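Participant: Dropping the sequence and predicted coords here.
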Amino acid sequence: MMGSRTIKALVIAATIVALWEAVVRLGLVNQIILAAPSDIALAAAKDGGLFLRAFATTIMEIGAAILIAWTLGIGLGVVVGSLPVLAAATAPVLSSIFAIPLIILYPLLMAWLGIGPLSKIVFGVLSGFFPIALNTIDGVRAIERRYLLFARSVGATRLQTYVRIVFPLALPAMLSGLRIGTGLVVIGVIVTEMLASLGGIGFLISYHRTLFNTGHVYLGMVLALAIAVTVNIGLTWLDRRIGLWRMREQAEG
Amino acid sequence: MPIIEVSKLGKDFSSGRVLVRALADVSFSVEEGRFVTLVGPSGCGKATLPQSLAGVIAATSGEVRIEGERICAPMPNKISMVFQDPTLLPWKTALANVEFPLDLRGVERTARRKRCSALLELVGLNEFANHYPHELSGGMRQRVAIARGLAPDPRLILMDEPFAALDEQTRTRMGHDLLDIWEKTGKTVFFITHSLAEAIYLSDFVLVMSPRPGRIIKTIAIDFPRPRELDIIGSEAFGRIRNRIWHLISESPA
């Protein structure tokens, strides 16, 4: 049985779609600017298979880029953050690179890595890596010395100290980096697909835009949005879990 | 053989370009099973000594022997540390925090759970095993830290001002309970405090340290019979000892 909130949401959604359709059908807005819901449905019926394949490509690229950006960003952040001299030398360099609009590097990446998924993944990683690494470094540097003394006194190995003590203590600070970085990965992959590629949702949006297939463009946008929303739900879930620790840590400190 | 033997221990820190001499020529020994307390003026390097004893920092000169073995690295099976701040891991329950040192060492789960539940009971927290640190009071957190210190069944427990952050009442109560735990477990305790009353009430011996560079200027035996009641703190004999230590500390050049 559906709850009353679900029913309400469905009614609102149906009303919006109906109004939207009406606005376009009545000619209040040019069809090239705004596609009617029925146009999007038609596009899906006609080229649905193509879009699903592109959707899979984009998900693969984003998934791979997130995985690599997290691994590199957190790994490097933990190591650099726990070596004060290295952190002092590296952090300013990383922040300056983070301030550069990385998209200017994309022509180079394309020349090196080709027009396929690899250049998108690498650009996605580049986009997400810096905020993740920087926040991880900050999180690790903020760990109080007493925890490291404790780790030594209980005979924790270096690996145990990193994995069992330093990493979880730095997690709350890491989280803001993960939020920014992961968002940037999604943007980076889709934008570079739109710039130059042979596949992916970004490519289809860009391609159909040049043909004025507005229904197809909107279908692509809906799919891209679906990815962004899913990623955001995942991050919010993570935020809640880690937010709980942060609360505990504050109470403890 | 004494359990702790410290001879001519020195420790220098470089703070920027300034060389700070925290400890100079510290020598003393402690017999097994004793409760020994170090007191001294603030900034006398009191905190440096337990860290050197535990091997978590390296001495500049001299040596520390625990059960005859020279200390140059932490010996977590023999020596535990309890800090002023409980340093509990905020994402672990009280029980999991107590288990942590054994967990690191790969002690099998049921064995460590059994041992650590018993330790939580010893410190009076068996009902709080599944609470997280932020759900416990300051005193309770420190009890968890003490239980965690006992978990590896060490020979020696070093306690660096463990009750300094607690309010007066909790602090007195904790001292009383610590003596109880000490009598039940028979561990050697090396305790640091800046409270003279706490030092005298708890200890078999009080070591008095000079201002920096820290040296042991006097060892005072405390002969009150055990088990001790809190009443002794008001006694005349207690006051005399406190005055004596007070003069030793205040008369040494600051």
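Facilitator: That came in fine, so what should we check first? On a predicted model such as this, the values are computed, not experimentally measured, just so you know.
Participant: CA atoms for contacts and neighbours, from now on please.
Facilitator: Fine.
Participant: how about the helix or strand hosting residue B:111: buried residues?
Facilitator: With the criterion set as DSSP states H and E, the secondary-structure element containing residue B:111 is helix B:109-122. Residues B:112-113, B:115-120, B:122 are the ones in helix B:109-122 that count as buried (16 or more other Cα atoms under 10 Å in any protein chain shown).
Participant: Please apply the same query to stretch A:68-80.
Facilitator: Going by neighbour count (16+ other Cα under 10 Å), the buried part of stretch A:68-80 is A:68-70, A:72-80.
Participant: what's the answer for stretch B:241-253, then?
Facilitator: Those buried within stretch B:241-253 under the rule 16+ other Cα under 10 Å are B:241-242, B:245-246, B:248-249.
Participant: try stretch A:229-237
Facilitator: A:231, A:235.
Participant: Then stretch B:129-145?
Facilitator: Residues B:129, B:132-136, B:138-145 are the ones in stretch B:129-145 that count as buried (16+ other Cα under 10 Å).
Participant: Same question for stretch A:197-209.
Facilitator: Along stretch A:197-209, these residues count as buried under the neighbour rule (16+ other Cα under 10 Å): A:197, A:199-209.
Participant: that older thread, okay if I get the buried residues of stretch B:241-253 as JSON lines plus secondary structure?
Facilitator: Formatted as JSON lines, the buried residues of stretch B:241-253 follow (DSSP: H, G, I helix; E, B strand; the rest coil):
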{"residue": "B:241", "secondary structure": "helix"}
{"residue": "B:242", "secondary structure": "helix"}
{"residue": "B:245", "secondary structure": "helix"}
{"residue": "B:246", "secondary structure": "helix"}
{"residue": "B:248", "secondary structure": "helix"}
{"residue": "B:249", "secondary structure": "helix"}
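Participant: Report the entries of the residues you listed that also contact chain A.
Facilitator: Residues of the buried residues of stretch B:241-253 in contact with chain A (Cα under 8 Å from any Cα of the partner chain): none.
Participant: how about the residues of the stretch 51-200 of chain B near chain A?
Facilitator: Near chain A, when you scan the stretch 51-200 of chain B using Cα under 8 Å from any Cα, you find B:54-56, B:74-76, B:79-81, B:87-91, B:101, B:104, B:132-134.
Participant: In helices, which of these fall?
Facilitator: Judged by DSSP state H, those include B:54, B:101, B:104 as members of helices.
Participant: Most neighbours among those residues, which one?
Facilitator: When neighbours are counted as other Cα atoms under 10 Å in any protein chain shown, the busiest of those turns out to be residue B:54, with 27 neighbours.
Participant: Quick check: that one vs residue B:11, distance?
Facilitator: Remark: distance between residue B:54 and residue B:11 (Cα to Cα, to the nearest Å) = 14 Å.
Participant: Residue B:90 too?
Facilitator: Separation of residue B:90 from residue B:11 (Cα to Cα): 33 Å.
Participant: now swap in residue A:125 and tell me
Facilitator: Here residue A:125 is placed at a distance of 47 Å from residue B:11 (Cα to Cα).
Participant: Name the residue in the two with the higher neighbour count.
Facilitator: With neighbours defined as other Cα under 10 Å, residue A:125 and residue B:11 compare such that residue A:125 has more, 29 against 23.
Participant: Just to check, the more buried one is in contact with residue A:63?
Facilitator: No - between residue A:125 and residue A:63 no contact is recorded; they are 10.3 Å apart, counting by Cα atoms under 8 Å.
Participant: partner residues bridging the most centrally placed residue in chain B?
Facilitator: Among the residues of chain B, the smallest C-alpha distance to the mean C-alpha position (Cα atoms, centre = their mean) belongs to residue B:159, namely 1.6 Å. Beta-bridge pairing of residue B:159, defined through DSSP bridges, involves residue B:82, residue B:191.
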